[in-house]
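# what follows is a protein structure lacking sequence information:
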């Protein structure tokens, strides 16, 4: 009798163990996301951000969340990422928000704005100044979510075949330049266009364009633009260019809360890592450019040209704000945050650099 009771107890315990472990087993479901990126296969820095993201979510979720990455070489639509993610063809995308201004004009404010915030100021605006909430206002009605996807830092003003000495030199100039900066150049008489990364060199070589901006030393030297356009101008148009991770909201909502948080943290970490990588690569390639390519002529746009560009920028911002209440809210938010944060940037970073430079000059 005792043996029977012991056997019954053992069977009951095993049955209860099976019931208790079944939720654990169901929690081990593997969620798979497909990501389309605007960049070519194995494109440095930008492409590293997506690979780092995929590796982090896999490790942090212990294999429960996996991301497959398709580069533009596979999906063949580098500037079609927005549409593919919105339609659910892909669950995620990695691109730049200002590429979609022709579809949804208010998306352009979340990459970089001419004469605007540098990288650290922009991150402050995103995470402390209401930028994330405003970005959600723009993207959520489209069935999308957007998160910062990595920053290039301050971008160079571009490669030019001819020197820019006056505003007249911009008249009729065919230049690859996206975002709000393209609208500014159009306002002063240039002819802006947007071309995917893989087609830039050919367009410059075949005179389809007269000038282009891409990123900066971190990525420009490997593209070979200096072989055709020797004038390399310092920046004004993208003082801190933020890429984006774009997510189909329906897919996001289908993820368990813990995987949403893992994905959110991994995106933020991958974005920060990309910024550090880009900054380091720019420093390294700047030194390489000075030693290996002494014929590159580094220039700054004349004050007259910058003043005209700034005037056009202010006029266009006023027009955008008057046309659309949400655009006005974003523009005013960025202006207010810049006013606040730039006062500190001036007395901290700028004052420090000027002080150190004055000591070097004395030496």
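Yep, it's here. None of these values were measured; they are calculated from a predicted model.
# start and end of stretch 152-172, how far apart?
29 Å (CA to CA, to the nearest Å).
# got it, and stretch 139-158?
Termini of stretch 139-158 sit 30 Å apart (CA to CA).
# buried ones in that stretch?
139, 142-158 (16 or more other CB atoms under 10 Å). Placement of C-beta: from N, CA and C, glycine included.
# downstream of the worst-scoring helix or strand of the chain on mean pLDDT, the next helix or strand is which one?
Confidence across the helices and strands of the chain bottoms out at helix 2-27, with a mean of 46, counting by mean pLDDT, DSSP states H and E. Remark: after helix 2-27, the chain's next helix or strand is strand 31-37, criterion DSSP states H and E.
# chain center to the helix or strand following that following strand, what's the gap?
Using DSSP H and E, the next helix or strand after strand 31-37 towards the C-terminus is helix 46-60. Put simply, helix 46-60 sits 15 Å off its chain's centre (CA atoms, centre = their mean, to the nearest Å).
# how about residues contacting helix 46-60?
For helix 46-60, contacts defined as CB atoms under 8 Å, 6 or more residues apart in numbering pick out 35, 37-41, 65-69, 71, 94, 149-150, 219, 243, 245, 259, 262-263, 265-267, 269-271, 273-274, 277.
# strand 31-37 and that helix, what's the angle between them?
170 degrees (axes from the mean of the first three to the mean of the last three CA atoms, to 10 degrees).
# in helix 46-60, what counts as buried?
46-50, 52-54, 56-58, 60.
# which ones are touching the residue nearest to residue 130 when sequence neighbours are not counted?
Excluding its sequence neighbours, the residue lying closest to residue 130 (CB to CB, 6 or more residues apart in numbering) is residue 333, at 5.6 Å. Counting by CB under 8 Å, 6+ apart, residue 333 makes contact with 125, 129-131, 134.
# ok, residue 333 to residue 125 distance?
7 Å (CB to CB, to the nearest Å).
# equivalent analysis for residue 284, please.
Distance from residue 284 to residue 125, by CB to CB: 29 Å.
# report the mean confidence score over the strand or helix carrying residue 275.
Per DSSP H and E, residue 275 falls inside helix 257-292. If you average the pLDDT over helix 257-292, you get 97.
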